[in-house]
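S.K.: when you get a sec, could you give me coordinates for this:
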Amino acid sequence: MQELRFNPLVGEWVIVSSTTNERPTQPVDNCPVCPNSLEFHSGYDLATFDNRFPALSPLIEDVFQPDSRLLRNGIAAGKCEVIMYTSSHGLSVPNMDLAQLEKLVEMWCERYLEISSFRHIKSIFIFENRGKEVGASIQHAHGQLYSFPFIPRRLELKANSFTDYQRANRSCLVCDLLKDESYSRNTIFETAGFAAVVPYFSRFPYEVHLYPKRHVASVIDLIASEKRDLAYSIRHTVRLYDSIYNQEFPYMMTLYNPPVNTGRIYDDSYHFHIEFYPPKRAKDKLKWMASVETGTWAFVNPAEPEEIADFLRKVEVKI
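M.R.: Okay, here's the model as predicted:
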């Protein structure tokens, strides 16, 4: 079964997809995404392919509607892709060449451009889960892309906040945050084109955001030098994480682009950015998404963002 079900209590769509439950764990002695394996019959550099166990599928044409005045279903028509960062099984983001990560940024742009041309798609979400702590089923360096036929609730709230701020202030919210001394003092490093900040309102202890310094609405608006700076910033952030406890640090990396095919223009209001959510709060402790965070979206951060920013600035990066 694959369908959308609308929750009238909070005004959001839920994806019901039994295919995701069929996803296997990675075999101990065989990686399914290495060259000459299940997914690839020959070598490759970067690559993308349709997820075999997608939450959303482009093949769904109809959906059952319940006999109800209050309940309604929708078609789970979308696209879920796996994006391979490299063919080398032992290579991960912190030890990749910058040229390889630049190509990854270019692939993000290519996929975003192509999928945004499908008129039924309203939101494109690119992300990476690293580590079993956040549900990664294979260790080979990869990310994913989900394209939705609706705008997920949190993405909708973010886009609306950006738009409301721009209408009220005639300026960009992120651009103004980067100029705000109380916010920018949590900057942990920067390049000519990007700033890495522990946000003032962090939800996770080691949360880091990457912001283009120039106003850029989406990833496809980055110029060549900014793409290089983004590649560096991603690698340096993960190197910082891995250097904290001298171990591979789990994280969720999420790219935020504006909604598509909505009839609204977000060029002036939306500001592309990346957010890292590491689940660790100590070397051997995780920050669990328990009742309060899951049930209310009211996150409790056990660490002071200013202290974390100061700590990360002092971390000696090890390769």
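S.K.: for the stretch 51-200 of the chain, which residues score under the pLDDT cut-off?
M.R.: Confidence mapping of the stretch 51-200 of the chain against pLDDT under 70 gives zero matching residues.
S.K.: show me where it has helices.
M.R.: 98-115, 153-169, 173-179, 181-184 (DSSP state H, counting those that start in this stretch).
S.K.: and of those, who's closest to Phe194?
M.R.: If you check each of the helices of the stretch 51-200 of the chain against Phe194 by Cβ to Cβ, helix 173-179 wins as the nearest, at 10.4 Å. (Glycine included, C-beta is placed from N, CA and C.)
S.K.: which secondary structure elements does the closest one sit against?
M.R.: helix 153-169, helix 181-184, strand 208-212 (3 or more Cβ pairs under 8 Å, 6 or more residues apart in numbering; DSSP states H and E).
S.K.: show residues contacting it.
M.R.: Identification of contacts with helix 173-179 by Cβ atoms under 8 Å, 6 or more residues apart in numbering yields 161-162, 165-166, 169, 183-184, 195, 197, 211, 213, 215, 269, 271, 273.
S.K.: quick one: closest of the helices and strands packed on helix 173-179 to Thr86.
M.R.: strand 208-212 (20.7 Å).
S.K.: contact partners of stretch 157-171?
M.R.: 151, 172-174, 176, 256, 258-259, 264, 266, 268-271.
S.K.: and the longest helix along the chain, what does it pack onto?
M.R.: Taking DSSP state H as the criterion, the chain has its longest helix at helix 224-244. Packing contacts for helix 224-244, counted by 3+ Cβ pairs under 8 Å, 6+ apart, involve helix 98-115, strand 187-190, strand 194-197, strand 208-212, strand 251-256, strand 273-277.
S.K.: what residues of the first one count as buried?
M.R.: Of the residues in helix 98-115, those buried under the neighbour-count criterion (16 or more other Cβ atoms under 10 Å) are 100-109, 111-112, 115.
S.K.: reformat those residues as CSV; add distance to Arg5.
M.R.: Below are the buried residues of helix 98-115 laid out as CSV (distance: Cβ to Cβ, whole Å):
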residue, distance to Arg5
Gln100, 40
Leu101, 38
Glu102, 40
Lys103, 39
Leu104, 34
Val105, 35
Glu106, 37
Met107, 33
Trp108, 30
Cys109, 33
Arg111, 27
Tyr112, 27
Ile115, 24
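S.K.: ok, the residues you listed vs Phe311, which is closest?
M.R.: Of those, the one sitting nearest to Phe311 (Cβ to Cβ) turns out to be Leu101, at 25.0 Å.
S.K.: surely the closest one and Ile234 touch.
M.R.: Yes. With contact defined as Cβ atoms under 8 Å, Leu101 counts as touching Ile234 (6.2 Å).
S.K.: overlap of the contact sets of the two?
M.R.: With Cβ under 8 Å, 6+ apart as the test, Leu101 and Ile234 both reach Val93.
S.K.: got a list of what Val197 touches?
M.R.: When the contact criterion is Cβ under 8 Å, 6+ apart, the partners of Val197 are Leu178, Tyr183, Ser184, Asn186, Thr187, Ile188, Val208, His209, Tyr211, Ala309.
S.K.: just the buried residues of these.
M.R.: Here, 16+ other Cβ under 10 Å leaves Leu178, Tyr183, Asn186, Ile188, Val208, His209, Tyr211, Ala309 buried among those.
S.K.: ok, what's across the strand from the fifth one?
M.R.: Following DSSP bridges, Val208 is listed with bridge partners Phe276.
S.K.: any idea of the mean pLDDT for stretch 221-233?
M.R.: Taken as a whole, stretch 221-233 has an average pLDDT of 98.
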